[in-house]
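Enquirer: Provided below are the primary sequence and the corresponding predicted coordinates.
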Amino acid sequence: QVHVAESGGGLVQAGGSLRLSCVVAGRTYSSDAGGWFRQAPGKEREFIGSISRSSGSTKYADSVKGRFTITRDNANDMVYLQMNSLKPEDTAVYYCAAGRRWFDTAESNYVYWGQGTQVTVSS
């Protein structure tokens, strides 16, 4: 079993930065990928980016590339999402998830999910 829980959401002004943290505890063959998704009001949940917890390889959605960075700290079972140059359209509930393949953006790839944390960007 893998426990996933994110934290660090909040209210930030446009242009600001925020870092989300995610604990991914309990390493199994199905949890090498640490992924981040978000869901804005009235929209479907979308893939933001992912990292291989073993190799550190990353993948990002075009909408956040160059602004968001995903890192990991394996010693502490953590995955981080650093968000810079935030825009009002980044407002959403952000989810962390653990899955099998870091390069696979599909939700079905992710087995374990956190409860979500709200990020609100004011204009």
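Expert: Okay, I see it. Numbering: from 1, shown residues only.

Enquirer: how about Ser85, nearest residue that isn't a chain neighbour?
Expert: Arg67 (4.7 Å; C-beta to C-beta, 6 or more residues apart in numbering). C-beta here means a position set from N, CA and C on the backbone, and glycine is covered the same way.

Enquirer: Val64 too?
Expert: Closest to Val64 by C-beta to C-beta, 6+ apart is Ile48, at 5.5 Å.

Enquirer: and the one you found, how far from Ala75?
Expert: Distance of Ile48 to Ala75, computed by C-beta to C-beta, to the nearest Å: 24 Å.

Enquirer: more neighbours, these two?
Expert: Ile48 (24 against 6; other C-beta atoms under 10 Å).

Enquirer: need the contact list for the more buried one.
Expert: Listed by C-beta atoms under 8 Å, 6 or more residues apart in numbering, the contact set of Ile48 reads Gly35, Trp36, Phe37, Arg38, Tyr60, Ala61, Ser63, Val64, Phe68, Leu81, Tyr94.

Enquirer: looking at this, it is in a strand?
Expert: Yes. Applying DSSP: H, G, I helix; E, B strand; the rest coil, one finds Ile48 inside a strand.

Enquirer: what about it, distance to Tyr94?
Expert: Note on Ile48: its distance to Tyr94, by C-beta to C-beta, is 8 Å.

Enquirer: list the helices and strands the helix or strand Gly34 falls within packs on?
Expert: Following DSSP states H and E, one finds Gly34 within strand 33-39. In this structure, strand 33-39 packs against strand 18-25, strand 46-52, strand 68-73, strand 78-83, strand 92-99, strand 110-113, with contacts taken as 3 or more C-beta pairs under 8 Å, 6 or more residues apart in numbering; DSSP states H and E.

Enquirer: now mean pLDDT and distance to Gly10 too, for these, in CSV please.
Expert: Listed next are the helices and strands packed on strand 33-39 as CSV, based on pLDDT from 0 to 100; distance: least, C-beta to C-beta, whole Å:
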stretch, mean pLDDT, distance to Gly10
strand 18-25, 96, 7
strand 46-52, 97, 17
strand 68-73, 97, 16
strand 78-83, 97, 11
strand 92-99, 97, 11
strand 110-113, 94, 20
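
Enquirer: I appreciate the help and will end here.
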